[in-house]
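Novice: Next one to model:
(one chain, ligands or ions: 1)
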Amino acid sequence: MCSSRDSALPETLYARLFARFYDRFMNRIETTVLLHRRKRLLRPLRGKILEVGSGTGINFPLYSPGADVLAIEPSRSMMQKAEERMTSLGFSRNAGSSPEIRTATLGIGDPELENLVPPNSVDAVVFTLVLCTVPDPEYAIRFAKSRLKKGGKLLLLEHVRASTSAGRILQKTLNPFWTRFAQGCNLDREPVSLVRAAGFRLLEEDRFRDTLPFYQAIYESI
Ligand SMILES: C[S@@+](CC[C@H](N)C(=O)[O-])C[C@H]1O[C@@H](n2cnc3c(N)ncnc32)[C@H](O)[C@@H]1O
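Specialist: Just a heads-up that it's a prediction; the model follows:
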C-alpha cells in the first residue's frame, strides 16, 4: 500500500528533465557497482524505515516484506518517477508479500516532516547518494539520530571526498559545474565525521573506488 503527502513547489524544466533521465544516466554504475551494495544494506531491514531523498525509488524493490518504509523526496518530478516505479512493481496488489512503502514529497528541513516522523520512532534511516545533495548534511544526520530508536540503524551508501590530494583538487575544480549539472550534488562531501559526532557506533564500513570514491556503512544509534 502507498499513500502520498505533497507540499512541493513547481519545478524548473531542468529539474524535470534531470528526474526523467536520472536512471538512464546512472544505469552503468548502478548495474556494475551499486546495486549489489544496495541489496546488501537494505534486504535485512525490518520494521519502520525512513528513506531520505528516495529519488526515482531505485531502492524500493530491494526492501523485504516486513519493511514499513516512509520514503521522503522533495522533488515532485523525482517522486513521480518513484510512484511510477511502485505501480510497475505492483506492490499495492501484493500486500503482505511486499514491503509497505509510503511516500511524502518532503525534504529534510521541512517542518511538516518533524510532525510526520516522531522522535525515537524508526528502526532504520537510509541515505543512499543523498548526503551529497541535502543542503545541510549535518542537520540531516542529527535529524536521523533524533528519529531513530536506541539501537536503530543508519545505513549509508555515498560518494565522498577523494583520499588523494590530486583527487581532491580535481573534485574542487569540477564541483561548481557538477553541482549545477546534478541538481545540487557535491563531489567532495565527507559525512563520516558528522556521523561519528552525532552519536553513532560503527558496525561496519567499506571505502571503495569505482569512477568515484564511495563510502558504505552501517551505524547503530547509541
Ligand atoms: C542523487 S539523488 C539520489 C536518489 C536516491 N537516494 C538514490 O540512491 O539514487 C539525490 C536526491 O536527494 C534529494 N534531496 C535534495 N534535497 C533534499 C532534502 N533536503 N531532503 C531529502 N532529499 C533531498 C534530491 O531531490 C534527489 O532526489
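
Novice: secondary structure element for the residue sitting furthest away from the middle of the chain?
Specialist: The C-alpha centroid of the chain is most remote from residue 166, which lies 28.0 Å away (C-alpha atoms, centre = their mean). When elements are assigned from DSSP states H and E, residue 166 belongs to helix 165-181.

Novice: Average pLDDT for that helix, rounded please.
Specialist: Average pLDDT, helix 165-181: 97.

Novice: Could you give me the buried positions within it?
Specialist: 167, 171, 178 (16 or more other C-beta atoms under 10 Å). Glycine gets a C-beta too; all of them are placed from N, C-alpha and C.

Novice: which one of those sits closest to residue 67?
Specialist: Comparing the buried residues of helix 165-181 against residue 67 with C-beta to C-beta places residue 178 closest, at 32.5 Å.

Novice: Return the distance of that closest one relative to the ligand.
Specialist: For residue 178, the distance to the ligand equals 11 Å [C-beta to the nearest ligand atom, to the nearest Å].

Novice: got it, and residue 162?
Specialist: 18 Å.

Novice: Verify the assumption that that residue is located in a helix.
Specialist: No: assessed by DSSP: H, G, I helix; E, B strand; the rest coil, residue 162 does not belong to a helix; its assignment is coil.

Novice: can you count the residues close to it?
Specialist: Neighbours of residue 162 under the rule other C-beta atoms under 10 Å: 19.

Novice: my guess is it meets residue 170, correct?
Specialist: Yes: judged on C-beta atoms under 8 Å, residue 162 makes contact with residue 170 at a distance of 7.1 Å.

Novice: The ligand contacts on the chain?
Specialist: By the criterion of C-beta under 6 Å from any ligand atom, the positions of the chain lying close to the ligand are 52-55, 58, 72-75, 78, 107-109, 128-130, 133-135, 185.

Novice: So which of the residues you listed belong to helices?
Specialist: residue 78 (DSSP state H).

Novice: Buried only: go through the residues of the chain next to the ligand for me.
Specialist: Using 16+ other C-beta under 10 Å, the buried ones in those are 52-55, 58, 72-75, 78, 107-108, 128-130, 133-134, 185.

Novice: Among the residues you listed, name the ones in strands.
Specialist: Among those, the ones falling in strands (DSSP state E) are 52, 72, 128.

Novice: Between those residues, which sits nearest residue 42?
Specialist: Nearest member of those to residue 42, counting by C-beta to C-beta, is residue 128, at 8.5 Å.

Novice: Kind regards, and thank you for your time.
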